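Novice: I'd like to go over a predicted model; first the sequence, then the structure.
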Amino acid sequence: MDDIAAGTNTKARISAEEVARRKEALRHAQANNRIEGIYRDPATDPIFEAFERGEIDATDIVPRLKIHYGIR
């Protein structure tokens, strides 16, 4: 996804444990959203995958989603 590639920072690698924590946090958030009837657009997966890999921080997710959806 171009908006991910354009803004991806080169950060220090995160541990496998941190990757697992991030995946679990996203899984939990997605489950909570499903309970509320909210489903994630699969086109946004690269944003969340970049977070899981440690390429972006949690604070970068919403700005990336806004770019993806053209919201300023």
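Specialist: Here it is on my side, so go on.
Novice: can you pull out the strands in this structure?
Specialist: Using DSSP state E, no strands are found in the chain.
Novice: ok, residues contacting the longest helix anywhere in it?
Specialist: Criterion DSSP state H: the longest helix present in the chain is helix 16-35. Contact partners of helix 16-35, identified using C-beta atoms under 8 Å, 6 or more residues apart in numbering, comprise 14, 39, 40, 48, 51, 52, 53, 54. C-beta here means a position set from N, CA and C on the backbone, and glycine is covered the same way.
Novice: ok, 10 Å please
Specialist: In this structure, residues lying in contact with helix 16-35 by C-beta atoms under 10 Å, 6 or more residues apart in numbering are 13-15, 38-40, 48-49, 51-54, 58, 61.
Novice: and those residues, which of them are in helices?
Specialist: 48, 49, 51, 52, 53, 61.
Novice: For those residues, work out which two are farthest apart.
Specialist: Across the ones in helices among the contacts of helix 16-35, no pair lies farther apart than 53 and 61, at 13.0 Å, counting by C-beta to C-beta.
Novice: Quick check: closest non-adjacent residue to the most centrally placed residue in the chain.
Specialist: Nearest to the mean C-alpha position of the chain, by C-alpha atoms, centre = their mean, lies residue 48 at 2.1 Å. The shortest distance from residue 48 to any non-neighbouring residue, by C-beta to C-beta, 6 or more residues apart in numbering, is to residue 26 (5.6 Å).
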